[in-house]
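Undergrad: Sequence and computational prediction follow.
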Amino acid sequence: MKVVVVGTGYVGLVTGACLSDFGLNVTCVDIDAEKIELLKRGEIPIYEPGLKEIVEKNQKAGRLFFEVKGEKAISEADVVFLAVGTPPKDDGSAEMKYVFSAVETFSKCHKSYQVLVTKSTVPVGTGKKIEDYLLQKHSKETFAVASNPEFLREGCAVADFMNPDRIVIGCDDPKGLKVLLDLYEPMRKANAPILVTDRTSAELIKYASNAFLSVKISFINEMARLAENCGADISKIAKGMGMDKRIGHAFLLPGPGYGGSCFPKDTKAILSTAKEYGCRLKIIESAVIANEEQVDFSVEKILKNTEGKNEEATIALLGLAFKGGTDDVRESPSLKIAQKLLDKGVKIKAYDPEASANAVKEIETLQICNSAKECAEGSDVLVIATEWNEFKTLDLVEIKNVMKTPTIVDLRNLLDPNHTIELGFKYDCIGRRMQF
Ligand code: NAD
């Protein structure tokens, strides 16, 4: 089976590489010529564990190709996945121009029966709009438009794609559905659960899932604020809640708020969709507000720990990526905190193992350091803003020796409070009032 993936970003590249690993012939297409040149040379434009190996292996095996235009590959493909971006517009709705530009290319190349699949996260009704567009130029029997949303997480994207909790296929055309079931047969055999639905439900499953997870994060963050005020410990509360199988332990880690390319935009997009369909989703509205407030709460917490220096303080910011394991800084709470502190005139030194280059594209004035130690040097407060594994094992004795004042604000609750305090630090975290 021949497959084309249009859009070679986090989702498209992982999808293309993993599908080729299942033996399919895959061409990944992207309008970004520089990205495609890098990939042709075997270089990976993003940081994603395990991706380089799988790309290299399948390129060598002659199953994985990269092209800028890809018209020939598109015209010969059995299945064309759309994995282009759907970033938020100013009003919160999803920007669909990349999707429809790719649909136009597909339409120009389309000759015989093909399945066009939205893997991008697209608002409910997009499949129908694409179908209506294609029907102006092609007969109904020559194509199917399906929805196959992606649930992978950056940082463990390859593993997630290979071992998904579920593969959702929304396809109202029996012939198209059969093609997609054949495509995913190796994954079904490897025990991946496949859920077949109508196309509209598949589109909504993706938004409903991301909105639910965002609500869970905002819930535990609000609970953490209450825990701090009333003298409880959020880690114990999360543990106690999570032991209830109906709740589960996942997504009960408090922090500086959710970020990334999905939760912030998808929560806003589903609110926009709801408005379009005459509904109000008050729980999701509140989750969005609580998430924005969590950034302000984090900034206040950092300034409170500067011993009255406030704007005069130097902050060492550890972590710029929106979460550990990725170089993605889109909607990163760490960068939002950094910007708010910089706006107040606070001096910031920052370090991230992978995301520094992307971070300075967003905030040019950010002073980047090459290590956690260099970052801590001469600082008044060390802030842990991203849950990188290497921050769990910081050499705290060394850090203490180079800081101006030994204070840590741990926005990810990574460190052991007792041990850190024993070493002589003033330590603050999320959801637990510290006694000194
Ligand atoms: P991305 O920005 O990393 O990649 C999108 C790519 O599409 C870019 O390389 C861009 O150059 C390319 N592109 C844009 N228009 C094109 C066109 N007409 N033809 C060919 N290429 C084109 O985006 P991403 O993070 O991979 O997300 C893609 C989609 O998947 C989004 O809808 C997103 O919501 C969804 N999604 C993302 C994740 C994630 O963790 N990143 C997870 C699940 C779903």
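TA: Great, that's in hand.

Undergrad: Check whichever residue of the chain sits closest to the ligand and give its pLDDT.
TA: Minimum separation of the chain from the ligand (C-beta to the nearest ligand atom) falls at residue 9, amounting to 1.8 Å. All C-beta spots, glycine's among them, are computed from the backbone N, C-alpha and C. pLDDT recorded at residue 9 is 97.

Undergrad: and residue 63, how far is that from residue 55?
TA: With distances taken as C-beta to C-beta, to the nearest Å, residue 63 is found 11 Å from residue 55.

Undergrad: okay, those two: which has more neighbours?
TA: Neighbour tally, residue 63 and residue 55, criterion other C-beta atoms under 10 Å: the higher count belongs to residue 55, 26 against 20.

Undergrad: hang on, that one packs against residue 66?
TA: No: between residue 55 and residue 66 there is no contact under C-beta atoms under 8 Å: 9.1 Å.

Undergrad: Point out the residues in the stretch 151-300 of the chain that sit beside the ligand.
TA: For the stretch 151-300 of the chain, the contact set with the ligand under C-beta under 6 Å from any ligand atom comprises 152, 154, 261-262.

Undergrad: Of all pairs in those, which one spans the longest distance?
TA: Greatest spatial distance among those (C-beta to C-beta): 152 and 261, at 11.7 Å.

Undergrad: what do these two both touch?
TA: Counting by C-beta atoms under 8 Å, 6 or more residues apart in numbering, the shared contacts of residue 152 and residue 261 are residue 10.

Undergrad: Which neighbours do residue 55 and residue 66 have in common?
TA: Here residue 55 and residue 66 share the contacting residues residue 39, scored by C-beta under 8 Å, 6+ apart.

Undergrad: Packing partners of the one helix or strand residue 418 maps to?
TA: Using DSSP states H and E, the element containing residue 418 is helix 417-422. When contacts are defined as 3 or more C-beta pairs under 8 Å, 6 or more residues apart in numbering; DSSP states H and E, helix 417-422 packs onto strand 426-429.

Undergrad: which residues are contacting the strand it packs on?
TA: Strand 426-429 has contacts (C-beta under 8 Å, 6+ apart) with 301, 304-305, 405-411, 413, 415, 417, 420-421, 434, 436.

Undergrad: do stretch 101-115 as well
TA: With contact meaning C-beta under 8 Å, 6+ apart, stretch 101-115 is reached by 6-7, 71-72, 74-75, 77-80, 82, 84, 116, 130, 133-134, 137-138, 141-146, 171, 175-176, 179-180.

Undergrad: Endpoint to endpoint, it covers what distance?
TA: One end of stretch 101-115 sits 17 Å from the other (C-alpha to C-alpha, to the nearest Å).

Undergrad: List the buried residues for the longest helix along the chain?
TA: Ranked by residue count, the top helix of the chain under DSSP state H comes out as helix 199-230. Using 16 or more other C-beta atoms under 10 Å as the burial criterion, the residues of helix 199-230 that qualify are 199-200, 202-207, 209-211, 213-225, 227-228.

Undergrad: Run through the neighbouring helices and strands of it.
TA: With contacts defined as 3+ C-beta pairs under 8 Å, 6+ apart, helix 199-230 has these neighbours: helix 126-135, strand 143-147, strand 167-170, helix 234-242, helix 263-276, helix 282-304.
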